[in-house]
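Colleague: turn this into a model:
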Amino acid sequence: MLLLLGGAVLVGFGLLRGTAGPAAVPVPVPPSEAASPSPSAAPRTSPSPAPVYRLDGEFPASGPGTWRYAGGRSKVFGSAGGLRRFRVAAETNVADAELAGFTRTVEQTLGDPRSWIGSGERRLQRVAGGSAYDFTILLATGETTRRLCATGYMDTRVDGVSYTSCRLPGRVVINLNRWRLSVPDYVDGGTELSVYRAYVINHEVGHELGRNHEKCPGKGRPAPTMQQQTFGLKGCTANPWPYLDGRRYTGPPV
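Modeller: You can find the predicted model right below:
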């Protein structure tokens with residue numbers, strides 16, 4: 001999330017661009033289950049699920065810095081432009097279900113035409129852990145996020161606690177703390193956790209694609225995806241997408 005000041009790569013974490021990383025058992029990503037037809041002749045309306053702004057329950061604050069990769073591969077997202085392949089992994093002490101959900105959300109986000117494929121100039125595809133790839137998207141515990149991002153001279157801490165996510169060359173590091181808890185401006189404004197998750201993926205992948213930070217363009221307007229929305233909306237409204245109405249949406253450069 002913070003401006004990248006250096007390009008150090010942490011060899012000890014086994015994630016250099018183009019290398020296969022440590023051996024791990026791939027976690028399959030189950031397909032969504034089709035809804036079964038109701039045996040009743042009369043249709044019934046199900047209540048809408050309650051909105052989710054943050055997740056309750058315990059989760060690890062630190063981990064071993066080793067990774068478990070999602071298995072299989074996605075379809076190719078986008079219809080034109082060069083293909084960039086990415087892997088998805090979670091720290092090994094993060095639950096399998098968390099990795100599966102993370103993988104689905106990454107695919108849904110990056111496969112959306114409002115995401116970076118909206119330019120018509122690039123395609124994206126998720127590949128398995130042992131495949132050739134261009135970058136990796138990691139779901140890391142807070143402490144591992146801090147250690148990884150520090151290799152690029154970025155401090156993810158707020159009040160002494162690892163808070164933000166970051167991007168390193170060839171690595172997008174998503175902080176598990178934010179993945180589960182979102183941020184105050186989103187929660188207090190009634191913006192669901194799913195929106196923040198799409199935002200943080202698009203923001204950090206945007207850095208991997210060469211985009212820099214931007215500012216809120218005006219009170220009440222959508223926040224640019226490359227605005228540091230994790231630190232506050234600054235008068236803008238929450239927005240996870242770099243393309244709105246089929247056009248690239250930006251703000252003033254920082």
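
Colleague: can you report how many residues lie near the nearest residue to Tyr69 once chain neighbours are set aside?
Modeller: When the adjacent residues along the chain are set aside, Tyr69 lies closest to Gly129, with 2.8 Å between them (C-beta to C-beta, 6 or more residues apart in numbering). For every residue, glycine as well, the C-beta is placed using N, CA and C. Number of residues near Gly129 (other C-beta atoms under 10 Å) recorded here: 22.

Colleague: likewise for the one 3 residues further on?
Modeller: Other residues near Ala132 come to 10 when the count uses other C-beta under 10 Å.

Colleague: how near is it to Pro184?
Modeller: Note on Ala132: its distance to Pro184, by C-beta to C-beta, to the nearest Å, is 40 Å.

Colleague: which residues of this structure fall in helices?
Modeller: Secondary structure of the chain by DSSP state H: the helices cover 96-110, 142-150, 176-181, 184-188, 193-208.

Colleague: how distant is the last one from the center of its chain?
Modeller: Put plainly, it is helix 193-208. Its chain's C-alpha centre and that of helix 193-208 lie 5 Å apart, by C-alpha atoms, centre = their mean, to the nearest Å.

Colleague: which residues sit against it?
Modeller: In this structure, residues lying in contact with helix 193-208 by C-beta atoms under 8 Å, 6 or more residues apart in numbering are 1, 4, 52-55, 105-106, 108-110, 112, 115-116, 135, 137, 165-167, 170, 172-174, 178-179, 182-183, 186, 225-226, 228-230, 238-242.

Colleague: what do you get for the fourth one?
Modeller: Residues from elsewhere that reach helix 184-188 (C-beta under 8 Å, 6+ apart): 53-54, 191, 193, 195-196, 229, 232-233, 238.

Colleague: filter those to the buried ones?
Modeller: When the contacts of helix 184-188 are checked for burial by 16 or more other C-beta atoms under 10 Å, the buried set is 53, 191, 193, 195-196, 229, 233, 238.

Colleague: closest to the centroid, which residue in this protein?
Modeller: For the chain, the residue nearest the mean C-alpha position is Ile201 (2.6 Å; C-alpha atoms, centre = their mean).

Colleague: tell me where the protein has strands.
Modeller: Counting by DSSP state E, residue ranges of the strands within the chain are 67-69, 82-91, 122-126, 135-140, 157-158, 161-162, 166-168, 171-175, 243-244, 247-248.

Colleague: so for Pro217, which of those strands sits nearest?
Modeller: When these are ranked by proximity to Pro217, the top entry is strand 243-244, at 12.0 Å, counting by C-beta to C-beta.

Colleague: for the record, mean pLDDT for that closest one?
Modeller: Per-region confidence: strand 243-244 scores 98 on mean pLDDT.

Colleague: sheet partners, orientation included, of that strand?
Modeller: Counting by DSSP bridges, the strands paired with strand 243-244 are strand 247-248 (antiparallel).

Colleague: so what touches the partner strand?
Modeller: Under C-beta under 8 Å, 6+ apart, the answer for strand 247-248 is 118-119, 242.

Colleague: give the contact list for the nearest residue to Leu139 once chain neighbours are set aside.
Modeller: Spatial nearest neighbour of Leu139, chain neighbours left out: Ala90 (4.2 Å); criterion: C-beta to C-beta, 6+ apart. In this structure, Ala90 makes contact with 67-68, 98-99, 102, 138-140, judged by C-beta under 8 Å, 6+ apart.
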